[in-house]
Every structure is written in C-alpha cells, then in structure tokens.
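Student: Any chance you could fold what I've pasted below:
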Amino acid sequence: MGPLQRSVYWKLCLLFYFTAFMFFLDVFTVNSAACVEPLQREDYNFTQNSSESTRSLQLLRDSSGDNDTETVNNEVCMEMELYAYGQTMYMSGLLVGSVIGGAISDRYGKRLLLVVSAALQALTALCSAFLPFASIHLAARCIAGITCSGINISSFSLGVEWSLPRYRTWPPALLSFSFSLGMMSLAAVAYLCPSWAPLHLILAIPQLVCLPLYLSLPESPRWLYLKGRVDVLEEYGNRSSQDKHTLEQLIHTMGNEAQRSSAKHSSQHQNCDLQHFKSPIIILRLSIMSYIGLASALTYYGICFNVGNFGVDVYLAQFFSGLSETPSLLMPFLLAHFGRRPFCILSLLTSGSACLLSLLISKFCNVPVLVMSLALVGKLCIQTTVCVSLLYGIELFPTVIRQKCVGLVNLWYRVGCILNAVVASHGGIPLVAMMCYGSGPILGTGLCLLLPETSGQPLPDTVPDCHAQQGQPISHCCLSLKQQHQHPSSRASQSSQLGPGSVPLCLTHEV
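Tutor: Residues are numbered from 1 along each chain as shown. So this is what the prediction gives:
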C-alpha cells in the first residue's frame, strides 16, 4: 500500500469522524421544547434530565449579574411539535441523496461530490446556529441528510477503488470505526457545549477547517479511467514508486473488467432488464436483501436515536453507543475465516435476541444499565450486518442488473430509516417498536438460510451464474476462502485477472 492510498484512508476517516456529529445531532435536540422571548440578557442552555428523560430550557444568568433588559430582533421559539421532526427530515434527506448521489458522482466525479457535500453540511450547521427557527432548522436537517448520503457514496467508493483486492474489506471497517469514534466524541462535545448556538458552531467549524484536506484527495481511479483522463492517473503514479506500482495493478484490473463488460454487453444487449427481474431467483434474493435492509435500519436507528430513553444519562448513553460499535474493526478478520452467510445469520440472531431480552428485562426487572447494554449489543450486531450486507448484496446479483438491485435494497433501507423516525418522532420507544427491533432481525435469520454462500466465488454476470452460485455447497466456499486467506498474493493476482469475477471493485453508488 503506497502513501497515496494511506492518505486516502485517513482523510476519509477524518471526514466520517466529523460526519457523525451532524448525523446524531437530533439525539440532543429532538425533545427541546419551549417558547420564550429573550428580552433579558440571558443565555439559553439545553440540558437533559436523565431521570425523566425530558428536555428543559434553562435560563442561565449572565455572570456579571446585570439584569438590565435589552431589545432583541427575533423571538426564539422552540416548538417541540416541529423540532421533533428534525430526525424525520434528516432521514428523508438521506433517501433523496441516495437517489441523486449516484448520478452526480457518475457525471462529475466522486471527489467533487465529497467536497461539496462536506461544505454544505458545515453550512447547514451554521444556519441552525445563527437562525434558530424551526422551519430553517428542519430545512437544514434535510439538506444535511442529502449531504451525508453524498459523503457515504463518495467515501466508500473512493476507499474501495483505491484499494488493492486483498485490502478491499478494510475501507468499510475503518470508516465505520471512525464513525463510532465520532459518536463518542459527540457526547463530550454536547456535554461541554450544551447551548444551541455554540453546539452547532462547534459542529460546523471542524468541517470548514478540514476542507483543504478534502480538496487534496485524489479522484476515483475508475472514474478517471472511464473518462479517459489517463494523464491524471499518471500524475498520481509519479508521486512515488509504491503509488505507481499500486496504480498499475488497479489499471490492469480495470482494463480486464472493461473488456469483460464490453463482451457481455455485446452478446446480451438485446435482453431487457425487466426479463432479469422476472427470474424467481432474482426476486427471492431481492426480497430477502430488501427485508434485511428494512429490518436493519429499523433496529439500528431505533436504538441510536433513542439511547437517552433507556433511563441512563443521555451523554453517557451516547458515548457507550459509539463505543459499542468499535469492535466492528475486527470485521475483516472475521470475514477472512467465516463466510458471508454464517456471519449474517449469527449477527442477525444475536441482535434480535439481545433486543428482545432488553425488552423483557425492562418490563420485569427495570435495570436501566442492563437494558441499555443489551440494546447496544443488538445495535453492534445489526451494524456489522449492514456492513457485511453491502458486500453480500454485490456478490448476490448479476452484473447486468447489479446497480439496480443494490439501489432497490438501499431504497428499502432508507424507508426503514424514515419509518423509525416517524414512529419515535417525539422521543421514547413504543412497545410495538421495540418488539419489531427484536423480531425483525430474527426473521431475517431464517431468510438468510435461503441465500447461498458467496465467499471465494466469482461475481455472477448473468442469471444462470446465479443459479450455479445457488447450487455451490457451503463447504466448498469455505475451503476456497481458506485457501485464498493462506495465499493472499495468489488471490490478488487472480483478482486482477478476473476483474469483476472475483472481487467487487466498488461498493456501488448506494451505501
């Protein structure tokens, strides 16, 4: 791995670290409710009452003790009924961004999408800081959701496309780990800066300061190759001998991929995509992966955005919520020894069981720390399921319709995000919702048994390839995976020769 690849990794990780701040902002604002006219010289501070899990707007007198009144220009009106829908608007923005982000990155490049999204995300925080009105805040949250989706699309793709085949499981793990660190840091930031304007400012300033770093990121090598901008690729390769060697391997892989894709297209251009979607095996796989995406979104975000409702201090809950996701860094090692399907089955079953146990304990024992601990275990398992399903989905669908299938799965994932935000828009976790968080993943465990194991197998290019994949015994897949793990150099060489038939070159445009 050359210096250029390492710089791509740590810059993307830095971006994901700060993105977590804006992502979980609603944890500390969703229950803020009051309507006051600040005619006195006072500061406004949102604090959390951990015993009642309710927000109150506290008036902190100026340290000078001056009680003189002064005229202000605007009335600060915090209406719970409107501010509570900030999470819903954010999730709606994620859905919109996932629809348009792929087209934008294809046309203008992933680097441009990433830089613009980071800048707009910082500006939305500034708008909320200086214009604390419900309508502006909700609009800013929607735009922030769109930008977060753009960051996801470009970051995962850039990380994977700048990685050699044997390193391509690391970008999702590293970015997820950085995101969890951001979740933990947000708890400290919110605790130290509980006031509305300072909190939003401290979220916006780091992104603005780091914009020059994001501008120094290289463009996607795959996008440059497809656009014929070989001169830019040569410039990247001239930075060091390691970068040149890595880039040559990436270009060789992309060249073989282009030849295979061209051959497939010339022989099957008559076929309509609709015919592929009529295949029973495609319908089955699409239905199962869509359900897993929907159930994963409900469980993950249902717990993430309600950590303050488990009877524990919201700041501690947010910190441990991020801490619970740090073991996801071990995911590449686990995937190197276990297949996709066993890993998904185990993580879904553990997640559902932990959520149901937390529900039972909350009803009969009422031990808040134990309830939250079990819920966070369930969140960790469902988060690993989401990361693995990104790769699993790419390996399940044929090349001719892969982008469309992964896009449909992502659509259901975003629908789950919005449904969860609507169900728990005013804080608190309804009983029915908590039952869904537990039973949804358990049902997904049974559905995963209908999917094939894809580890160590080439990506399917056609529907008949999917049928051959379905009939592959899992023992053969595990043996192939073990052999690849023992001989990583041969696996990289084989991947370079096979192109899309061995490893996914990117995580597509839908993350």
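
Student: hang on, A119 packs against L211?
Tutor: Yes - counting by CB atoms under 8 Å, A119 does reach L211; the two are 6.1 Å apart. The way it works is simple: take the backbone N, C-alpha and C, and place the C-beta from them, glycine included.

Student: shaky segments in the stretch 301-450 of the chain?
Tutor: In the predicted model, the stretch 301-450 of the chain carries pLDDT under 70 at residues 308, 424-429.

Student: mind listing the strands for it?
Tutor: Along the stretch 301-450 of the chain, no segments are classed as strands by DSSP state E, counting those that start in this stretch.

Student: Give me the number of neighbouring residues for W10.
Tutor: By the measure other CB atoms under 10 Å, the count of residues near W10 is 12.

Student: name the helices or strands packed onto the strand or helix carrying it?
Tutor: Take DSSP states H and E as the rule and W10 turns out to sit in helix 3-23. On a contact count with 3 or more CB pairs under 8 Å, 6 or more residues apart in numbering; DSSP states H and E, helix 3-23 meets helix 110-130, helix 134-161, helix 170-192, helix 196-209, helix 211-215, helix 241-268.

Student: Let's have those helices in TSV, adding distance to R402 and mean pLDDT.
Tutor: TSV is the format used below for these (distance: least, CB to CB, whole Å; pLDDT from 0 to 100):
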stretch	distance to R402	mean pLDDT
helix 110-130	18	93
helix 134-161	14	89
helix 170-192	17	89
helix 196-209	33	90
helix 211-215	29	92
helix 241-268	11	63
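
Student: Out of those helices, which is the most enclosed?
Tutor: Most buried of those, by mean neighbour count (mean count of other CB atoms under 10 Å): helix 134-161, with a mean of 24.

Student: quick one, that one and helix 3-23 angle?
Tutor: 160 degrees (axes from the mean of the first three to the mean of the last three CA atoms, to 10 degrees).

Student: which residues are in contact with stretch 348-366?
Tutor: The contact list for stretch 348-366 (CB atoms under 8 Å, 6 or more residues apart in numbering) reads 292, 299, 303, 310-311, 367, 370-375, 377-382, 385, 431, 434-435, 437-445, 448.

Student: taking those residues one by one, which sit in helices?
Tutor: Residues of those located in helices (DSSP state H): 292, 299, 303, 370-375, 377-382, 385, 431, 434-435, 437-445, 448.

Student: Buried ones in stretch 442-453, by neighbour count?
Tutor: 442, 444-445, 447-448, 451-453 (16 or more other CB atoms under 10 Å).

Student: That should have said stretch 394-402, apologies.
Tutor: 394-402.

Student: before we move on, what about stretch 309-323?
Tutor: 309-323.

Student: that older thread, can you put the helices and strands packed on helix 3-23 in JSON lines and add distance to Q275?
Tutor: Compiled in JSON lines, these are given as follows (distance: least, CB to CB, whole Å):
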{"stretch": "helix 110-130", "distance to Q275": "31"}
{"stretch": "helix 134-161", "distance to Q275": "29"}
{"stretch": "helix 170-192", "distance to Q275": "32"}
{"stretch": "helix 196-209", "distance to Q275": "46"}
{"stretch": "helix 211-215", "distance to Q275": "42"}
{"stretch": "helix 241-268", "distance to Q275": "10"}
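
Student: Between those, which one is closest to L459.
Tutor: helix 241-268 (10.3 Å; CB to CB).

Student: after the closest one comes which helix or strand?
Tutor: Counting by DSSP H and E, the element after helix 241-268 in chain order, helix or strand, is helix 273-277.

Student: Quick one: distance of that next one to the chain centre.
Tutor: Helix 273-277 sits 29 Å away from the centroid of its parent chain (CA atoms, centre = their mean, to the nearest Å).

Student: quick one: buried residues of that helix?
Tutor: Neighbour counts over helix 273-277 (16+ other CB under 10 Å) mark H276 as buried.

Student: For it, name the packing helices and strands.
Tutor: Helix 273-277 packs on helix 280-304, going by 3+ CB pairs under 8 Å, 6+ apart.

Student: other SSEs contacting the helix it packs on?
Tutor: Counting by 3+ CB pairs under 8 Å, 6+ apart, helix 280-304 packs on helix 273-277, helix 340-364, helix 368-396, helix 402-423, helix 431-448, helix 463-470.

Student: What are the buried residues along it?
Tutor: For helix 280-304, by 16+ other CB under 10 Å, it's 281-282, 285-286, 288-304.

Student: returning to what we had before: which of the helices and strands packed on helix 3-23 sits closest to Q5?
Tutor: Among the helices and strands packed on helix 3-23, helix 241-268 comes nearest to Q5, with 6.2 Å by CB to CB.

Student: Show the model's pLDDT score for L451.
Tutor: L451 carries a pLDDT score of 90 in this model.

Student: That one belongs to a helix, doesn't it?
Tutor: No - assigned with DSSP: H, G, I helix; E, B strand; the rest coil, L451 falls outside any helix and is coil.

Student: and it, what is it in contact with?
Tutor: Residues near L451 by CB under 8 Å, 6+ apart: 285, 288, 341, 392, 396.

Student: and which of those is nearest I151?
Tutor: Y392 (22.7 Å).

Student: Any figure for the gap between V115 and D465?
Tutor: 38 Å (CB to CB, to the nearest Å).

Student: ok, now W10?
Tutor: 37 Å.

Student: OK, contacts around V116?
Tutor: Counting by CB under 8 Å, 6+ apart, V116 touches G150.

Student: ok, it to I151 distance?
Tutor: Taking CB to CB, one finds V116 at 10 Å from I151.

Student: same question, L443
Tutor: Taking CB to CB, one finds L443 at 31 Å from I151.

Student: what do you get for G237?
Tutor: Counting by CB to CB, the gap from G237 to I151 is 27 Å.

Student: What of I202?
Tutor: 19 Å.

Student: hang on, the earlier thing: between the helices and strands packed on helix 3-23, which gets nearest to A20?
Tutor: A20 sits nearest to helix 170-192 of all the helices and strands packed on helix 3-23, at 2.8 Å, using CB to CB.

Student: Ranking the helices and strands packed on helix 280-304 by mean neighbour count, which comes first?
Tutor: Using mean count of other CB under 10 Å, the stretch among those with the largest mean neighbour count is helix 368-396, at a mean of 23.

Student: And it, how far out from the chain middle?
Tutor: Worked out by CA atoms, centre = their mean, helix 368-396 lies 12 Å from the chain centre.

Student: do stretch 337-344 as well
Tutor: 20 Å.

Student: How about stretch 352-361?
Tutor: 24 Å.

Student: now stretch 222-240
Tutor: That offset, for stretch 222-240, works out to 28 Å (CA atoms, centre = their mean).

Student: Likewise for stretch 324-337?
Tutor: Here stretch 324-337 is found 16 Å from its chain centre; the criterion is CA atoms, centre = their mean.

Student: what does stretch 137-146 give?
Tutor: Distance, centroid of stretch 137-146 to centroid of chain: 17 Å (CA atoms, centre = their mean).

Student: what do you get for stretch 398-416?
Tutor: With CA atoms, centre = their mean, you get 15 Å for stretch 398-416.

Student: about what we covered before: dump the helices and strands packed on helix 280-304 to CSV, plus distance to T124.
Tutor: Listed next are the helices and strands packed on helix 280-304 as CSV, based on distance: least, CB to CB, whole Å:
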stretch, distance to T124
helix 273-277, 37
helix 340-364, 32
helix 368-396, 25
helix 402-423, 17
helix 431-448, 28
helix 463-470, 42
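
Student: roughly how far apart are G322 and S176?
Tutor: 11 Å.

Student: what do you get for R341?
Tutor: 20 Å.

Student: which residues touch the nearest residue to M289 once chain neighbours are set aside?
Tutor: Computed as CB to CB, 6 or more residues apart in numbering, the closest residue to M289 that is not its neighbour in sequence is V409, at 4.7 Å. Contacts for V409 (CB under 8 Å, 6+ apart) come out as 286, 289-290, 293, 389, 393, 510.
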